[in-house]
Structures are given as C-alpha cells and as structure tokens.
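1. Structural data only, the sequence is not supplied:
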C-alpha cells in the first residue's frame, strides 16, 4: 500500500465518488476539483504527486488531461 497525505486522500476519495476506476471514466482536474474541498491549483499539484506514486494514471485527451484511479484499495 502506498503512503499518501491527507490532502491526497481527499483527492482519492473524490475520484472514488466520481467512479473513475477505468480510462473510459477518466475525469479532468476541474471535475475532480468540483468533487473535492480543495482549490484547483492544489488539486492539479496533488494529481501529479499521485501519478508519480502510481495511484492515478494521467491520460492525454483533446483539451485537457484525464485522470483515473489505478488502485482501488488506497
């Protein structure tokens, strides 16, 4: 299991509530921000941290990157 901070936990919980468990259901930072109590700049930064920890996967899309959870048991 990966160690994550309290703020990263808020992002993971928001993503779980959005059902982002596969690439087809990936959400962008703005959608994740709307589901979390954190500001967009912080959400974007935390998403990069979570991607580096292999908790979320970033996928390139037309206008904005999408993110989905790679680990369901975080």
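-> Thanks, I have it. Owing to the predicted nature of the structure, the values given are computational and were not obtained by experimental measurement. Numbers count the residues shown, from 1 in each chain.
2. pLDDT below threshold where in the chain?
-> Counting by pLDDT under 70, the chain contains low-confidence residues at 1.
3. residue boundaries of the helices in it?
-> Assignment of helices within the chain using DSSP state H yields the ranges 6-18, 29-35, 40-52.
4. Which other helices and strands does the second one contact?
-> Put plainly, it is helix 29-35. Judged by 3 or more C-beta pairs under 8 Å, 6 or more residues apart in numbering; DSSP states H and E, helix 29-35 is in contact with helix 6-18, helix 40-52. In short, each C-beta sits where N, CA and C put it, glycine included.
5. Give me the nearest residue to residue 10, chain neighbours excluded.
-> Leaving out its chain neighbours, the residue that sits closest to residue 10 by C-beta to C-beta, 6 or more residues apart in numbering is residue 36, at 5.3 Å.
6. before we move on, what about residue 71?
-> In this structure, residue 71 finds its nearest non-sequential neighbour in residue 55, 5.4 Å apart by C-beta to C-beta, 6+ apart.
7. Next up, the contacts around the one you found.
-> Taking C-beta atoms under 8 Å, 6 or more residues apart in numbering as the contact definition, residue 55 lies against 2, 4, 8, 12, 69, 70, 71, 74.
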